[in-house]
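> What shape does this take:
(one chain, ligands or ions: 1)
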Amino acid sequence: MSQLSDEISRRRTFAIISHPDAGKTTLTEKLLLFGGAIHIAGAVKSNKIKKTATSDWMEIEKQRGISVATSVMGFNYGNYKINILDTPGHQDFAEDTYRTLTAVDSVIIVVDVAKGVEQQTRKLMEVCRMRNTPVIIFVNKLDREGRDPFEILDELESELKISVRPLSWPINIGAKFKGVYNIFENSLDLFTPDKQKVSERVEIDDINDSRIDVAVGQIDASKLREDIELIEGVYPEFSVQDYLDAKVAPVFFGSALNTFGVKELLDCFVQIAPSPRSVQTEERMVSPEEEGFSGFVFKIHANMDPNHRSCIAFVKICSGKFERNFPYRHIRSGKVMKFAAPTAFMAQKKNIVDEAFPGDIVGIPDTGNFKIGDTITSGEILHFKGLPSFSPEMFKYIENTDPMKSKQLEKGIQQLMDEGVAQLFTNQFNGRKIVGTVGQLQFEVIQYRLLHEYGAQCRWEPLSMFKACWIESDDTEALAAFKKRKHQFMATDRDGRDVFMADSNYVLQMAQNDFPKIKFHFSSEF
Ligand code: G4P
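Numbers count the residues shown, from 1 in each chain. Here you go, the predicted model:
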């Protein structure tokens, strides 16, 4: 095997996603423990913005420093090179998470056994579904009282709209939790609540092995056998291909806090999760094995030092080998660039790297050249697809409060939007600028950063809006008629595309009824 294909096949690049508090940070930390990337639990400071600080911007500013360090966590596990991409825990930064999902090859979803599928999980799963991303589900907090595991499986199927297949099975739950039977490896793991150490494993031949009765008692052993029989009867045999095709999600049970069920998850994950796959560009399919280097920017992290407008652009490598100081083409500008100090993240340390391979993420120091979605290649003109914008949930007019600084404001808004902090629309009727976000917090972030990084002051004016819908039609006359009729509510996005700003669900439904020839899209990718 060539060096390139060898490097590709051992890479696993993924994200852990969950509703806040389900245990994403804890699980991440435990995975790092197994990878030897950290040595003691509690070493990872999450980039999670604590509940107490929901609208405390200074607190967020502090945490942004942490989040650079935890943006990508790379480590070796056996022969595998694992890259975990961190996603912001706070819901108001969901858009960031959506974009990060474009840079991963698979996903682990964490669900709290007591709470089941929560709102944020549902939304993130929609993004995975759009992209056919393979998912593994980890049902967490089995050491606490929770719901019946069969009930959880049903809920996962109906709420996440994906078939599931348990690959491990809990023996009791909460105070009576005794362990997990590993269906994937046919072994039994006994639960010993301990935050640092791995649990005890009982070697067994199969589910009828009497060592199970000795380990957990006859009553629980019989119940386990009944459950497993039911599972084997109800769920088709696990097919790795179906998982890779995003048709079925394997499910594991455990307790991240107690490091229980985590190693089983990781061992199965490295075996079945995909290595980097071919990626669609506007021009053609790009295979990771190709000689030519290509990658795209999925995240831009602004520097915290307001005196230097420098940031780090995170590039996901899609094909070929990336090398330091090689001339690469920045497709949008046509410029040839050399990167003298690209960084990668291994075992919690940020180091300058000389080379990197598909699946890896490199951080490139930048002074405003990059925009989210930009493609970089060895020379070929390619445009990676698939960094959709979703309709924001909150909208406000942005107004300049210092007429002397209108240029600064303009520049600041442009650059913050390039970073993907929020979305900007221009109302076609009155020319006013509308900023759309996922949550209130982003408005505070923008106002603060405009002032501190650009010296520009802005004010928000309320705007009651339901959704931004990208519209299109094959029928140009119908499109023109729609735009004329709704001219007060028409806007353009930053790429000049038509967006209908519906101020209520009712108005949107009426518009859909009255104009059947118009297609309404709730994300910019269609
Ligand atoms: P998140 O990143 O998904 O938001 O969740 P995080 O890992 O921070 O976990 C949320 C809370 O749930 C934490 O408690 C964490 O200790 C707890 N937790 C995670 N896994 C388990 C588990 O398997 N069992 C139990 N019982 N609890 C678990 P916290 O009190 O909010 O925070 P902390 O003070 O313990 O850090």
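
> Just say helix, strand or coil for the closest residue to Lys316 other than its chain neighbours.
Using C-beta to C-beta, 6 or more residues apart in numbering and skipping the chain neighbours, the partner closest in space to Lys316 is Ala103 (4.0 Å). Every C-beta, even on glycine, is put in place using the N, C-alpha and C of the backbone. Recorded secondary structure, Ala103: coil (DSSP: H, G, I helix; E, B strand; the rest coil).

> What residues of the longest helix along the chain count as buried?
Ranked by residue count and defined by DSSP state H, the top helix of the chain is helix 218-234. Across helix 218-234, burial judged by 16 or more other C-beta atoms under 10 Å covers Asp220, Ala221, Leu224, Asp227, Ile228, Ile231.

> Then stretch 162-176?
Here stretch 162-176 shows Ile162, Val164, Arg165, Pro166, Leu167, Ser168, Trp169, Pro170, Ile171, Asn172, Ile173 as buried, counting by 16+ other C-beta under 10 Å.

> The last one is in contact with Glu151, isn't it?
Which is Ile173. No: Ile173 is beyond contact range of Glu151, at 11.3 Å (criterion: C-beta atoms under 8 Å).

> related to what we said a few turns ago, switch the buried residues of stretch 162-176 over to TSV, and while doing so, append distance to Ala302, pLDDT and secondary structure to every line.
Output for these, formatted as TSV (distance: C-beta to C-beta, whole Å; pLDDT from 0 to 100; DSSP: H, G, I helix; E, B strand; the rest coil):
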residue	distance to Ala302	pLDDT	secondary structure
Ile162	36	95	coil
Val164	39	96	strand
Arg165	42	96	strand
Pro166	43	96	strand
Leu167	41	94	coil
Ser168	41	93	strand
Trp169	46	94	strand
Pro170	43	93	strand
Ile171	48	93	strand
Asn172	48	91	coil
Ile173	44	90	coil
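
> and the two most separated of those?
Ile162 and Asn172 (26.7 Å; C-beta to C-beta).

> Ramachandran angles for the nearest residue to Tyr243 once chain neighbours are set aside?
Nearest residue to Tyr243, sequence neighbours excluded (C-beta to C-beta, 6+ apart): Pro134, at 5.4 Å. Note on Pro134: backbone dihedrals following degrees, to the nearest 10 are phi -70, psi 140.

> Next one: Pro134 from His301, what distance?
Using C-beta to C-beta, to the nearest Å, one obtains 27 Å as the distance from Pro134 to His301.

> Neighbour count for these two, which is higher?
Pro134 (24 against 17; other C-beta atoms under 10 Å).

> Please name the residues that touch the more buried one.
Taking C-beta atoms under 8 Å, 6 or more residues apart in numbering, we find Pro134 in contact with Asp105, Ser106, Val107, Tyr243, Leu244, Asp245, Ala246, Ala249, Ala273, Pro274.

> Among those, name the buried ones.
Here, 16+ other C-beta under 10 Å leaves Asp105, Ser106, Val107, Tyr243, Leu244, Ala246, Ala249, Ala273, Pro274 buried among the contacts of Pro134.

> From these, pick the one nearest Asp474.
Nearest to Asp474 among these, with distances taken as C-beta to C-beta, is Ala246, at 30.0 Å.

> Phi first, then psi, for the residue nearest to that closest one when sequence neighbours are not counted.
Closest residue in space to Ala246, ignoring its immediate chain neighbours: Asn132 at 4.3 Å, by C-beta to C-beta, 6+ apart. Torsion angles at Asn132 (phi, psi; degrees, to the nearest 10) stand at phi 60, psi 40.

> what's the pLDDT at Asn132?
We have a pLDDT of 92 for Asn132.

> Can you tell me which residues in the stretch 151-300 of the chain are near the ligand?
Ser255, Ala256, Leu257, Asn258 (C-beta under 6 Å from any ligand atom).

> again, 5 Å this time
Ser255, Ala256, Leu257 (C-beta under 5 Å from any ligand atom).

> could those residues be laid out in TSV, adding secondary structure and neighbour count?
Below are those laid out as TSV (DSSP: H, G, I helix; E, B strand; the rest coil; neighbours: other C-beta atoms under 10 Å):
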residue	secondary structure	neighbour count
Ser255	strand	28
Ala256	coil	26
Leu257	coil	19
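
> Okay, now the unreliable bits of this structure?
For the chain, applying pLDDT under 70 flags the ranges 1, 37-70, 89-92, 193-199, 303-309, 346-348, 386-387, 526.

> Residues of it that sit close to the ligand?
Counting by C-beta under 5 Å from any ligand atom, the chain sits next to the ligand at 18, 20-26, 89, 140-141, 143-144, 255-257.

> which among those end up buried?
18, 21-26, 89, 140-141, 143, 255-257.

> Tell me who's in contact with the residue nearest to Ala215 when sequence neighbours are not counted.
Computed as C-beta to C-beta, 6+ apart, the closest residue to Ala215 that is not its neighbour in sequence is Val202, at 5.0 Å. Neighbouring residues of Val202 by C-beta under 8 Å, 6+ apart: Ser187, Leu188, Asp189, Leu190, Arg211, Ile212, Ala215.

> Return the member of those nearest to the ligand.
Asp189 (14.3 Å; C-beta to the nearest ligand atom).

> re earlier: am I right that the residue nearest to Lys316 is in contact with Thr13?
Yes: applying C-beta under 8 Å, one finds Ala103 in contact with Thr13, separated by 7.3 Å.

> can you list residues touching both of the two?
Leu85, Lys316, Ile361.

> Among these, which are located in strands?
Leu85, Lys316, Ile361 (DSSP state E).

> quick one, phi/psi of the residue in the stretch 51-200 of the chain that the ligand sits nearest to?
Residue nearest to the ligand within the stretch 51-200 of the chain (C-beta to the nearest ligand atom): Lys141, separated by 3.9 Å. Note on Lys141: its backbone torsions stand at phi 70, psi 40 [degrees, to the nearest 10].

> before we move on, the earlier item: tell me the bridge partners for the residue nearest to Ala215.
With DSSP bridges applied, Val202 shows beta-bridge pairing to Leu188.

> mind listing what the spatially closest residue to Leu27 that is not a sequence neighbour touches?
Leaving aside its sequence neighbours, Leu27 sits nearest to Ala256 (C-beta to C-beta, 6+ apart; 4.2 Å). Listed by C-beta under 8 Å, 6+ apart, the contact partners of Ala256 are Gly23, Thr26, Leu27, Lys30, Val110, Phe138, Asn140, Lys141, Val262.

> Can you give the distance of the helix or strand containing the second one from its chain's centre?
Secondary-structure assignment from DSSP states H and E places Thr26 in helix 24-34. Its chain's C-alpha centre and that of helix 24-34 lie 16 Å apart, by C-alpha atoms, centre = their mean, to the nearest Å.

> Packing partners of it?
strand 11-18, strand 72-77, strand 80-85, strand 106-112, strand 135-140, helix 262-272 (3 or more C-beta pairs under 8 Å, 6 or more residues apart in numbering; DSSP states H and E).

> Deepest-packed of those, please.
strand 135-140 (a mean of 26; mean count of other C-beta atoms under 10 Å).

> From the rest of the structure, what touches the following helix or strand past that strand?
Under the assignment DSSP H and E, the closest C-terminal helix or strand after strand 135-140 is helix 149-160. Contact partners of helix 149-160, identified using C-beta under 8 Å, 6+ apart, comprise 109, 111, 113, 116-117, 121-122, 125, 137, 139, 146-147, 162-164, 166, 169-170, 173, 227, 230, 249, 251, 253.

> Check for me that Glu525 belongs to a strand.
No: with three-state DSSP as the criterion, Glu525 is assigned coil and is not in a strand.

> tally of neighbours for it?
Based on other C-beta under 10 Å, the number of other residues close to Glu525 is 14.

> Without its sequence neighbours, what residue ends up closest to it?
Nearest residue to Glu525 in three dimensions, chain neighbours excluded: Pro388, at 3.5 Å (C-beta to C-beta, 6+ apart).
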